[in-house]
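1. Please work out how this folds:
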Amino acid sequence: MPKPARRSNPGRSLDPVTITTDLVNGRHLARRVRCTDTASSDLYGWVATWADDHTCDAEMVALLALLDRRAA
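-> Residues are numbered from 1 along each chain as shown. Below you'll find the predicted structure:
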């Protein structure tokens, strides 16, 4: 079940992050909703830190927003 990442720096980014755990492979996967960037590791702390520190690429966000509007 996805759970929100911890936010040690809440002002850094306003977009949601989901962190899921693959119990079979022991991997954690973080995904930014806004830009769809992902990170994967067997260490939850590393993935949570990535989620806190990641900055979405502005051009990618704009492109995804444009595509989303066209699909609607």
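
2. Quick one: mean pLDDT over whichever strand or helix holds Ile19.
-> Applying DSSP states H and E as the criterion places Ile19 in strand 17-22. Across strand 17-22, pLDDT averages out at 92.

3. And stretch 35-52, by the same measure?
-> The average pLDDT within stretch 35-52 is 93.

4. What residues sit buried inside that stretch?
-> For stretch 35-52, burial by neighbour count (16 or more other Cβ atoms under 10 Å) applies to Cys35, Asp37, Ala39, Val47, Ala48, Thr49, Trp50, Ala51, Asp52. The C-beta positions use only the backbone N, C-alpha and C, and glycine is treated the same way.

5. what distance separates the start and the end of it?
-> With Cα to Cα, to the nearest Å as the measure, stretch 35-52 spans 14 Å from end to end.

6. if you skip the residues just before and after it, what's nearest to Asp57?
-> Excluding the flanking residues, the one nearest Asp57 by Cβ to Cβ, 6 or more residues apart in numbering is Cys35, at 5.9 Å.

7. same deal with Arg31?
-> Thr38 (4.8 Å).

8. The one you found and Ala30 touch, don't they?
-> Yes - when contacts are counted by Cβ atoms under 8 Å, Thr38 is listed as touching Ala30 (6.5 Å).

9. show me what contacts Leu43?
-> The contact partners of Leu43, by Cβ atoms under 8 Å, 6 or more residues apart in numbering, come to His28.

10. where exactly do the strands run in the protein?
-> Applying DSSP state E to the chain gives strands spanning 3-4, 17-22, 27-32, 38-41.

11. Just name whatever secondary elements the second one is in contact with.
-> If you count contacts as 3 or more Cβ pairs under 8 Å, 6 or more residues apart in numbering; DSSP states H and E, strand 17-22 packs onto strand 3-4, strand 27-32, helix 44-53.
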